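Novice: Predicted model and sequence below, questions to follow.
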2 protein chains.
Amino acid sequence: MKSITDCTACPLRKSEVFRSLDARELGFVASMKSGEMRVAPRTRVLDEGVNSPHVFTVLSGWGLREKSLADGRRQILNFVLPGDLVGLQAAMFDAMDHSVEALTDMTLCVFPRREIQRLFHDRPSLGFTVVWHAARNERLLDATLMSVGRCTARERIARALLTIYGKARRIGLSEADGTLSAPITQQHLADALGLSLVHTNRTLKGMVADGLLKWRASRLQLCDEDRMRDIAQMEATAPTALPLI
Amino acid sequence: MKSITDCTACPLRKSEVFRSLDARELGFVASMKSGEMRVAPRTRVLDEGVNSPHVFTVLSGWGLREKSLADGRRQILNFVLPGDLVGLQAAMFDAMDHSVEALTDMTLCVFPRREIQRLFHDRPSLGFTVVWHAARNERLLDATLMSVGRCTARERIARALLTIYGKARRIGLSEADGTLSAPITQQHLADALGLSLVHTNRTLKGMVADGLLKWRASRLQLCDEDRMRDIAQMEATAPTALPLI
DNA sequence: CGAGTCCTTGACCATAATCAAGATATGTGG
DNA sequence: CCACATATCTTGATTATGGTCAAGGACTCG
């Protein structure tokens, strides 16, 4: 059996990016945690159509949330990073309607779905945190739907990269020189934006040529964030502490 | 001052479509309700970018949730119907990142956003219900994003109509003859699906010609639901009781 | 160094957008 | 009840964004 991270010594909580929990909240989370799961890249953490007995918090690594059609078409719904709560649907409905897949090695805290009920009753403040996560996710989806529905390829890419980059930087995943090591291929980006791989590639090249970004060997760098925001029609957002479960 | 519906006599709760609350839950909801709001078609109930002090439950009427870009492009995120909870974001974040607009005359129960905090502490089971709504909304968004990102115009329309029709029928808005009176124009459908009005119109006509549906004078009828589901690649879902706040 | 994955490019095609204008409804005030 | 105004729907012509097909090149990793 692998060593399991104790919630009180959680590496994420140490960071000031995450909102700290009071002793009772922390105690509850610790009591709810039934284990830790480590998965390799390309592993499915949750499976569309299947009833999962677990809800997870991402401790480390990158993953993605996706949905597929019977004929193989797929849509990436969003990327998941440390601190994200995944599989909440499993606690609410009979079956998952999307999958979660690892992009890198991932470690996830495992919570039995039944404990979520108990969470609301025993630690209401954590219940509020769960909704916060759900609401935040909905915001992200709203923005992505707007992108995919109404924006050009270049705009979509600008929006997606700003979003991913912002999310990663916020939790300290970017380097001092402003680059970000992201395990994302152009195919991923295409599948997240409703574009074809070929068109994504060409558009991306154009943006590189225009000095907007660099992206070599899965190292992403936004060279001109201001101009990117202009294209994306997105404002910078002030960071607030992220509640972590 | 208009007469306000008492929660214990709520017309929605009478219906067996909605999950009934126990006495304490009902009492809490009643105590939380600060008023009722009636709005005319095209009125904004919630405004993108603005901090709303209220959260609402739709009592009657149709509305939509939308998001706009500075240059006027807009994306309809989904349609809202009686029983839906709107503005939850207002209770979680500083500003709304989408708007809610009435399509018909609407009546909404008004809850002060601060009460949501209290709800979690005083009636945890209602907290669970709030998350249920958030999770359900996320499901809907996931499905729509998949539509807009990866489906053809005909598929998107089939999916959207099945979704809207299903949602409305479930709460008893459809007629005995299978028709549904929906206050939705082709422009709305286009804006919800990331399509142009012209292309939506042509695609719709083709579907009418193929005997899939009828849509005259804002009366929608799905003539061949099975075939629609084939096109949409969507299964029929078994209805469960909807929790209402 | 060989296999797989990922990226790149060219040629061609299709779905859907845009532009423009006219036809039907729907609604309102006189 | 009619005339006018506005919203919605319909259709044609043209264009463009982005998809598909195909194939070669460049990494990466064991």
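Specialist: Okay, I see it. Model, not experiment: these values are computed from the prediction.
Novice: Do you have the helices of chain A handy? List them.
Specialist: A:11-14, A:23-32, A:88-92, A:113-122, A:124-150, A:153-170, A:186-193, A:197-209, A:225-232 (DSSP state H).
Novice: Residue A:51: which of these is closest?
Specialist: helix A:88-92 (7.0 Å; CB to CB). In short, each C-beta sits where N, CA and C put it, glycine included.
Novice: Let me have the helices of chain A in a markdown table, extended by mean neighbour count.
Specialist: As requested, the helices of chain A are exported to a markdown table (neighbours: other CB atoms under 10 Å in any protein chain shown):
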| stretch | mean neighbour count |
| --- | --- |
| helix A:11-14 | 15 |
| helix A:23-32 | 16 |
| helix A:88-92 | 21 |
| helix A:113-122 | 17 |
| helix A:124-150 | 22 |
| helix A:153-170 | 21 |
| helix A:186-193 | 21 |
| helix A:197-209 | 15 |
| helix A:225-232 | 17 |
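Novice: okay if I get those as a markdown table plus mean pLDDT and distance to DNA strand C?
Specialist: Rendered in a markdown table, the data for the helices of chain A read as follows (pLDDT from 0 to 100; distance: least, CB to the nearest atom of the strand, whole Å):
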| stretch | mean pLDDT | distance to DNA strand C |
| --- | --- | --- |
| helix A:11-14 | 92 | 27 |
| helix A:23-32 | 95 | 35 |
| helix A:88-92 | 92 | 27 |
| helix A:113-122 | 94 | 32 |
| helix A:124-150 | 97 | 9 |
| helix A:153-170 | 97 | 12 |
| helix A:186-193 | 98 | 4 |
| helix A:197-209 | 97 | 4 |
| helix A:225-232 | 96 | 16 |
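Novice: how is chain A carved up into domains?
Specialist: Here the domain assignment for chain A is A:7-129, A:144-236, based on automatic domain parsing.
Novice: between those, which one is nearest to chain B?
Specialist: Closest to chain B of those, according to CB to the nearest CB: domain A:144-236, at 3.0 Å.
Novice: Show the backbone phi and psi for the residue lying closest to residue A:185 once chain neighbours are set aside.
Specialist: Nearest non-adjacent residue to residue A:185, counting by CB to CB, 6 or more residues apart in numbering or on different chains: residue A:218, 7.8 Å away. The phi and psi torsions at residue A:218 (degrees, to the nearest 10) take the values phi 50, psi 30.
Novice: residues contacting residue A:218?
Specialist: A:181-185 (CB atoms under 8 Å, 6 or more residues apart in numbering or on different chains).
Novice: could you flag which of the residues you listed are buried?
Specialist: A:182-184 (16 or more other CB atoms under 10 Å in any protein chain shown).
Novice: any idea how far residue A:83 is from residue B:209?
Specialist: 51 Å (CB to CB, to the nearest Å).
Novice: Residue A:161 too?
Specialist: Distance of residue A:161 to residue B:209, given as CB to CB: 42 Å.
Novice: rewinding a little: looking at the domains of chain A, which is closest to DNA strand D?
Specialist: domain A:144-236 (3.1 Å; CB to the nearest atom of the strand).
Novice: Done for today, thanks.
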